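Trainee: quick one, structure for this:
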Amino acid sequence: MATSAPKKSAPRRKAAAEKSAANSTEAPVKKTAAKKTPAKQTSTKRVAMKTNENRTPATAPPKSPVKKAETLTVKEGETPWTAAEMEELRGELEADAVHLKEEIRDAEQEIVGLLRDGGDGAGNDQADVGSTTLERDHEMSLANNARDMLDQIERALSRIDDGTYGVCESCGKAIGKGRLQAFPRATLCVSCKEREERR
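Mentor: Prediction:
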């Protein structure tokens, strides 16, 4: 008869028991989160700079004056722009700009009203919906035209300020004082405008 070898499971239990005993005798380890150190706050104090008593206060550079009316280009044989004519022209352009801004605001309010009321189309017939759409398109067209004219006015005012008012943007020749007095937003001379319209 063969004798069986001793079971090895007992020592394993013993090792497991020793492990359990070791774990139970040791204090349980507490897991702690790493402490965050607050960021150092920088001082918001401003250091006063030492000033020399002999220093002069800083002054803004003098603004360059608006170009004088005499510097604006005129056609040969025309009298130069006078300051009174330029002031009148500028006043007319600025008044037109104010008027156009009001027109744009009114048209935008009308469009908002039409869009708001257009959603209530339940029960409306096709003619009502069509007329509302036509009104909305008309108001949008008016607002866009007013915006274009306002842009032209603002451009004319800036050209007056930088001294290029009265010069054709296409050919570089003088537009003509008479044309500018009749149509102050003009950026092209008569011949260039005619050529543009033929296209």
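Trainee: residue 173 - how many residues pack around it?
Mentor: Other residues near residue 173 come to 15 when the count uses other Cβ atoms under 10 Å. Placement of C-beta: from N, CA and C, glycine included.
Trainee: got it, and residue 183?
Mentor: 13.
Trainee: could you do residue 100 as well?
Mentor: The number of residues packed near residue 100 is 20, by other Cβ under 10 Å.
Trainee: equivalent analysis for residue 88, please.
Mentor: 13.
Trainee: list phi and psi for it.
Mentor: The phi and psi values for residue 88, taken as degrees, to the nearest 10, are phi -60, psi -40.
Trainee: residue 167 too?
Mentor: The phi/psi pair for residue 167 (degrees, to the nearest 10) reads phi -100, psi 130.
Trainee: check contacts around it.
Mentor: 73, 159, 173-175 (Cβ atoms under 8 Å, 6 or more residues apart in numbering).
Trainee: per-residue confidence at it?
Mentor: Note on residue 167: pLDDT of 92.
Trainee: ok, now residue 132?
Mentor: On the pLDDT scale, residue 132 gets 79.
Trainee: also residue 49?
Mentor: Confidence score, pLDDT, at residue 49: 44.
Trainee: name the next helix or strand downstream of the host helix or strand of residue 146, please.
Mentor: Residue 146 belongs to helix 126-162 when assigned by DSSP states H and E. Next helix or strand after helix 126-162 toward the C-terminus (DSSP H and E): helix 177-182.
Trainee: what sits up against the very next helix or strand once past that next one?
Mentor: Downstream of helix 177-182, the next assigned helix or strand under DSSP H and E is helix 190-198. Identification of contacts with helix 190-198 by Cβ under 8 Å, 6+ apart yields 168, 170-171, 175-176, 179, 186, 188.
Trainee: residues of helix 190-198 that come out buried?
Mentor: 192-193 (16 or more other Cβ atoms under 10 Å).
Trainee: do the same with stretch 157-172
Mentor: Under 16+ other Cβ under 10 Å, the buried positions of stretch 157-172 are 157, 159-160, 165-168.
Trainee: could you do stretch 76-83 as well?
Mentor: Buried, per 16+ other Cβ under 10 Å, within stretch 76-83: residue 81.
Trainee: using CSV, write out every CA atom in it.
Mentor: Extracted C-alpha coordinates of stretch 76-83, given in CSV (Å, rounded to 0.1, in the frame of the first residue of the first chain):
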residue,chain,number,x,y,z
GLU,A,76,-11.0,123.5,-63.7
GLY,A,77,-12.9,126.8,-63.9
GLU,A,78,-14.8,126.2,-60.6
THR,A,79,-14.4,128.3,-57.5
PRO,A,80,-12.8,126.5,-54.6
TRP,A,81,-15.0,125.2,-51.7
THR,A,82,-15.5,127.9,-49.1
ALA,A,83,-15.7,127.0,-45.4
